[in-house]
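> Next input, structure requested:
(2 chains)
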There are 2 protein chains.
Amino acid sequence: MSPTDSMFLLGESREHPMHVGGLILFTPPDGGDAPEMRAAFDRALGEPDADPLWRRRPVRSLATLGQWAWEEDEDFDLTHHVRYDALPTPGGLDELWNLVSRLHGTLLNRDRPLWEMHLIEGLADGRYAVYTKIHHALADGVGAMKLLRRAMSADSDRTDMPAPWAPVDALVPTRPERTSRALPESVIGAARTVASEAFGLVPALTGTVDRAVRGRGGSLSLAAPNTVVNVPISGGRRCAGRSWPLKRLRAVATAAGATVNDVVLAMSSGALRSFLLDQDALPDRSLVAMVPVSLRPDKQCSGNQVGVLMCNLATGTVDPVGRLTTIREATTQGKDAMRGMPTVSRLATSALGVAPLAVGMITGNRALPRPPFNIIVSNVSGPAHPLYWNGARVDAVYPLSVPVDGQALNITCTSTDDDIAFGLTSCSRAVPRLEPLLDRLDAELDALERAFE
Amino acid sequence: MSPTDSMFLLGESREHPMHVGGLILFTPPDGGDAPEMRAAFDRALGEPDADPLWRRRPVRSLATLGQWAWEEDEDFDLTHHVRYDALPTPGGLDELWNLVSRLHGTLLNRDRPLWEMHLIEGLADGRYAVYTKIHHALADGVGAMKLLRRAMSADSDRTDMPAPWAPVDALVPTRPERTSRALPESVIGAARTVASEAFGLVPALTGTVDRAVRGRGGSLSLAAPNTVVNVPISGGRRCAGRSWPLKRLRAVATAAGATVNDVVLAMSSGALRSFLLDQDALPDRSLVAMVPVSLRPDKQCSGNQVGVLMCNLATGTVDPVGRLTTIREATTQGKDAMRGMPTVSRLATSALGVAPLAVGMITGNRALPRPPFNIIVSNVSGPAHPLYWNGARVDAVYPLSVPVDGQALNITCTSTDDDIAFGLTSCSRAVPRLEPLLDRLDAELDALERAFE
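Numbers count the residues shown, from 1 in each chain, chains lettered A, B, ... in the order given. Coordinates of the predicted model:
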């Protein structure tokens, strides 16, 4: 196991689970229903084979000189990993997020391969939900989402599709020449997009954060204010999500000469501002977001040229358009500044998980005098076309991230073809209720739309 | 916090959760159904007050000199502790035990008071299930069951009963003179039946085990065979249970001149024998059970005079009656021997939890050359009359215990007025399937009945 991977095992505790998660909502195909979705999974479970990636477990023994290593789990038992769940009445999204929050807040069993997939029935609206939990030592957030996506199809008519955990040969039937059972390197790359830079990661991130801050002209350098979300965390989690039509964000972006990502940041800024105002806890100084950005879009699984920038969220500004304007300037300047810098290969792909941990390790876990930033806001764009699994449409994918000490709230977005999904993950003690934040994200998008009408 | 209590926090890890559990099955009152049970809990949750016992959480800080201490959780949030769950289709006992196994296999959140109560709907047979999980630092198994029982009533017509977590004043309305909000000592006593002997516990248990073994004449002294259930354990749990009419066990006991407890041991012996035979893993030497026994039955909450005895389970004997005879002799001799010994006050009440941990601490956690015994079989008799909560009858109470390294399977029994419930708890890696053991317990009772027809 690489030192980066084992870092996530060594750094883990009951209060700091190191797994990423994703909640997928499926709309059953026309004429189908949730029980048929479940039947499709029943059939998939009837084939107990799984890809080697999903069958390896961490071990540490005298034979490995006390270091964490991977080995195939000889007692691999799919029923430990793939589980049926159900929602209590009335089966609404509240019940779904309650369940997902609890599932996201417990540690994976280290004696087994480090993943779980929960097949959730009982949504009153007829949809079917799948929550997946993958340890960071096995896959980071982007890698996990890519693995899930690879199991989907753009073809709504395709049936008899294998399970997402099926051997990669089964998932990629168009390449019959691949007969080896060994895991191809490309898959390992997809799963661990930040794997091999290992030793370099933490210093590299420190350097990147420093450069990003200096790149902004130094006015904000490591001087984000303390807020109620920049506190030590507990072991409980709250997760929640909501989706908005991408075209709404695109229209605001176009009107403001900004990017969709700027609108995501402006929504986050407005939501955080009113959330903190309501608690009489809005600092005078503006909140700062750490934003992973892609510098050279690249369609390949790994090897993106990316960086992070520190974005002034202008939370002191009353006018929503004023906040968006400041944010647009900050991200533009930040990207300009970064263009002149050596970038850290594949770093932004860590946005869904590596970064928070690494930041915790850089800044020390507790008693932080000032956080270098207040919140990580990541936005990873998804596929341009709808995805299906055995005819069921992927309605939304909510990414769920890893809060760490000092960063008790994360905002992570990803898009399907026509919607953008915001996934919020928090420490349940620091931020016990996420619904108000979702309502405020919604109100902020409304306000921006009205301003540009 | 007493040193004994904190021992359960210090000794805990992902692989060794230190909580006890109990699954209660309720039959709704005539004319009622499971949704009405849920409505009763909804009403109980509408009153967010909880007894101080349930509101304290463990803390360890500079102020406590690094020692674990209790403090009231100022952000106490009942919704963290009391949770609605539901069973996936088809809503059978398999689905129930799958859920309970998973709930029993995750660590409690230490940042909160150390308990959870799961209100489980979706049983196709119309019943309602409640799984309760309590950290051993808060209450041992017997104490937890007493707390739960106290919230029930012998009166099937009583309604408007408070929640099990309600302040004790509300639970005991017949004693209006108790107005203080402070927790009476008697309740603390009930919750932690083994609290105060603290430092003495482990040496006392060592001594008791030694005496028990010597009391048997030394032929088995610390020479139980190694078996597949005496192995290091993982963090996963399997839980399962089944009930039998007490009168069936009583009839066999009467016919054999034995006690109900002897029949429990004989059923366990026969089940273990065929379970191990099927795996071609039955040792030549007979398995040894550690059995907590009451020496002087005492109706009070605490202060029972009890001891443990080592019982030859005669697993090498083919004939079920032969096994029961050997067991009856072993328990009779063991009790006779113990009568001449100094007994350890209140020790057997630890049977649902303290003992396994203490044994682990005595014998060392890993690489045990020979286990001092193979399995703990506890049987705690319950109330002589049926219990109700808001008219719903307590159908069964399955106690769920704490496997430890070297003791990967526990058998814990408790009775309601007319049934005896066997609760099995195992490490899911060492003993992944418990249903075969339950079937064998059933077959063994059948065989004993046939033998005495």
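> is stretch A:103-116 up against chain B anywhere?
Yes. Applying Cβ under 8 Å from any Cβ of the partner chain, one finds stretch A:103-116 touching chain B at A:105-107, A:109-112. Using the backbone N, CA and C atoms, a C-beta is placed for each residue, glycine as well.
> what's the straight distance from one end of that stretch to the other?
10 Å (Cα to Cα, to the nearest Å).
> repeat for stretch A:102-113
End-to-end for stretch A:102-113, by Cα to Cα: 20 Å.
> Go through that stretch and flag the buried ones.
A:102-113 (16 or more other Cβ atoms under 10 Å in any protein chain shown).
> So for that stretch, mean pLDDT?
In this model, stretch A:102-113 has a mean pLDDT of 91.
> a markdown table for the residues of stretch A:103-116 next to chain B, including distance to A:Arg57 and secondary structure?
Formatted as a markdown table, the residues of stretch A:103-116 next to chain B follow (distance: Cβ to Cβ, whole Å; DSSP: H, G, I helix; E, B strand; the rest coil):
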| residue | distance to A:Arg57 | secondary structure |
| --- | --- | --- |
| A:Gly105 | 22 | coil |
| A:Thr106 | 18 | coil |
| A:Leu107 | 14 | coil |
| A:Asn109 | 9 | coil |
| A:Arg110 | 8 | coil |
| A:Asp111 | 7 | coil |
| A:Arg112 | 6 | coil |
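> Farthest pair within those?
Maximum pairwise distance among those (Cβ to Cβ): 19.6 Å, between A:Gly105 and A:Asp111.
> Enumerate the residues of the stretch 301-450 of chain A near chain B.
Within the stretch 301-450 of chain A, the positions near chain B by Cβ under 8 Å from any Cβ are A:428-429, A:432.
> and with 7 Å instead?
Contacts of the stretch 301-450 of chain A with chain B, taken as Cβ under 7 Å from any Cβ of the partner chain, map to A:429, A:432.
> Can you show me the strands along the stretch 51-200 of chain A?
Remark: strands assigned in the stretch 51-200 of chain A by DSSP state E, counting those that start in this stretch are A:56-60, A:68-72, A:82-86, A:115-121, A:128-135.
> Export the third one to CSV, keeping only CA atoms.
Which is strand A:82-86. Extracted in CSV, the C-alpha atoms of strand A:82-86 (Å, rounded to 0.1, in the frame of the first residue of the first chain):
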residue,chain,number,x,y,z
VAL,A,82,-24.0,-4.8,-0.4
ARG,A,83,-26.9,-4.3,2.0
TYR,A,84,-30.6,-3.7,1.7
ASP,A,85,-32.0,-0.8,3.6
ALA,A,86,-35.4,0.7,3.9
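> coming back round to it: which one of the buried residues of stretch A:102-113 is nearest B:Asn390?
A:Arg102 (26.2 Å).
> Any regions of the stretch 101-250 of chain A where pLDDT drops low?
Along the stretch 101-250 of chain A, the parts satisfying pLDDT under 70 run over A:140-143, A:169-223.
> So what's the residue count around A:Gly92?
By other Cβ atoms under 10 Å in any protein chain shown, the residues close to A:Gly92 number 15.
> Who are the contact partners of the closest residue to it other than its chain neighbours?
Distance criterion Cβ to Cβ, 6 or more residues apart in numbering or on different chains; nearest residue to A:Gly92, sequence neighbours excluded, is A:Ala124 at 6.1 Å. Shown in contact with A:Ala124 (Cβ atoms under 7 Å, 6 or more residues apart in numbering or on different chains): A:90-92.
> quick one: which of those residues is nearest A:Pro164?
A:Gly91 (23.9 Å).
> How many residues are close by that closest one?
Residues near A:Gly91, counting by other Cβ under 10 Å: 18.
> any idea how far chain B is from the closest residue to it other than its chain neighbours?
The shortest distance from A:Gly91 to any non-neighbouring residue, by Cβ to Cβ, 6+ apart, is to A:Ala124 (3.9 Å). Distance, A:Ala124 to chain B, using Cβ to the nearest Cβ, to the nearest Å: 12 Å.
> And the contacts of A:Ala124, which is closest to A:Asp160?
A:Gly91 (29.0 Å).
> hang on, the closest one packs against A:Ile120?
No. Look at A:Gly91 against A:Ile120 with Cβ atoms under 7 Å: they stay out of range, at 10.0 Å.
> What does whatever residue of the stretch 151-300 of chain A ends up closest to chain B show for phi and psi?
As assessed by Cβ to the nearest Cβ, chain B sits closest to A:Ser234 within the stretch 151-300 of chain A, at 3.5 Å. Here the main-chain torsion angles of A:Ser234 (degrees, to the nearest 10) amount to phi -110, psi -180.
> how does chain A divide into domains?
Domain assignment for chain A, taken from automatic domain parsing, gives A:3-167, A:195-381+A:406-451.
> Endpoint to endpoint, stretch A:312-331 covers what distance?
The first-to-last residue distance of stretch A:312-331 comes to 9 Å (Cα to Cα).
> Look at A:Ala447 and say how many residues are nearby.
17.
> and the nearest residue in space to it that is not next to it in sequence, what does it touch?
Spatially, and ignoring its direct neighbours in sequence, A:Ala447 is nearest to A:Pro320 (4.5 Å; Cβ to Cβ, 6+ apart). Contacts for A:Pro320 (Cβ under 7 Å, 6+ apart) come out as A:266, A:270, A:444, A:447-448, A:451.
> Kindly state the pLDDT recorded for A:Pro320?
A:Pro320 is given a pLDDT of 97.
> Alongside chain B, which residues does the stretch 101-250 of chain A contribute?
So far as Cβ under 7 Å from any Cβ goes, the stretch 101-250 of chain A lies against chain B at A:106-107, A:109-112, A:121-122, A:234-236.
> Tell me the one among those nearest to A:Glu12.
Nearest to A:Glu12 among these, counting by Cβ to Cβ, is A:Leu107 at 7.3 Å.
> That closest one reaches A:Ser13, doesn't it?
No. Using Cβ under 7 Å, A:Leu107 is not in contact with A:Ser13; the gap is 8.6 Å.
> Which residue comes closest to the closest residue to chain B within the stretch 1-150 of chain A once chain neighbours are left out?
Closest approach of the stretch 1-150 of chain A to chain B (Cβ to the nearest Cβ) occurs at A:Asp111, with a separation of 3.4 Å. Computed as Cβ to Cβ, 6+ apart, the closest residue to A:Asp111 that is not its neighbour in sequence is B:Ser234, at 3.4 Å.
> can you count the residues close to that neighbour?
Neighbour tally, B:Ser234, other Cβ under 10 Å: 21.
> Would you mind measuring from it to B:Glu15?
6 Å (Cβ to Cβ, to the nearest Å).
> got it, and A:Ala253?
Counting by Cβ to Cβ, the gap from A:Ala253 to B:Glu15 is 50 Å.
> Which one's more surrounded, these two?
Under the neighbour definition other Cβ under 10 Å, A:Ala253 and B:Glu15 were set side by side, and A:Ala253 has more, 22 against 17.
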